[in-house]
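Q: With the input below, show me the fold.
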Amino acid sequence: MWKRLLQTNGDPTAVVLRLTLGAVMLPHGAQKLLGWFGGAGFSGTVDYFSAVLGIPAPLAILVILFESVGAVALLAGFLSRVMALGIAAIMAVAVLKVHLAVGFFMNWLGNQPGEGFEFHLLALAIAFYVIVKGSGPASVDRRLVALTSA
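A: Down below sits the predicted model:
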């Protein structure tokens with residue numbers, strides 16, 4: 001089962017998309033985990049998710065972990081399918097619970113009540129590719145498969 005989960009091909013597109021997803025998600029995770037980049041930090045994020053969004057604390061903690069530790073794992077290419085699935089789930093819930101009501105477009109001009117969901121669709125598409133194709137050639141996953149096959 002592990003070998004199938006880690007299996008990937010030599011497609012360099014998988015590397016580019018995996019690294020892009022990890023690089024884009026990491027600052028969001030740092031906001032939630034560490035309070036960097038104007039974020040609320042761990043306790044502030046858990047409180048917000050619970051009180052405002054109605055998301056239970058254990059699920060809020062999973063969001064924080066997938067967006068921070070999961071993003072680092074994506075950058076390394078470690079368990080990329082699992083990490084991408086977690087991020088895809090986060091993006092889907094974010095669209096449904098928060099961003100769908102605002103509309104499609106991001107709030108570039110500051111004239112909307114919040115951000116639209118276009119970013120989330122891009123993240124979902126990238127995550128889907130990583131889930132299907134795996135980490136690509138430059139990854140810990142590929143190295144682990146090679147070690148178990150030797």
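Q: For the rest of this, base every contact and every neighbour count on C-alpha atoms.
A: OK.
Q: Mind telling me what element Ala101 is part of?
A: In the assignment (DSSP states H and E), Ala101 maps to no helix and no strand.
Q: roughly how far apart are it and Leu109?
A: The gap separating Ala101 from Leu109 is 18 Å, by CA to CA, to the nearest Å.
Q: next one: Ala84
A: With CA to CA as the criterion, Ala84 and Leu109 are 30 Å apart.
Q: what about the two, which has more around it?
A: Ala84 (31 against 6; other CA atoms under 10 Å).
Q: Need the nearest residue in space to that one, chain neighbours excluded.
A: Once flanking residues are discounted, Ala84 sits nearest to Ala127: 4.8 Å by CA to CA, 6 or more residues apart in numbering.
Q: State whether the one you found and Ala89 are indeed in contact, as I suppose.
A: No: checked against CA atoms under 8 Å, the pair Ala127 and Ala89 is beyond contact range at 9.5 Å.
Q: Identify the residues contacting Thr13.
A: The neighbours of Thr13, taking CA atoms under 8 Å, 6 or more residues apart in numbering as the test, are Gly136.
Q: That one is in what secondary structure piece?
A: According to DSSP H and E, Thr13 maps onto helix 12-34.
Q: all helices of this structure, in order?
A: All helices of the chain, identified by DSSP state H, fall at 2-6, 12-34, 41-51, 57-76, 80-94, 118-133, 140-149.
Q: do you know which of those helices lies nearest Phe105?
A: helix 118-133 (5.8 Å; CA to CA).
Q: so that closest one versus helix 12-34, what angle?
A: Per axes from the mean of the first three to the mean of the last three CA atoms, to 10 degrees, the angle that helix 118-133 makes with helix 12-34 is 130 degrees.
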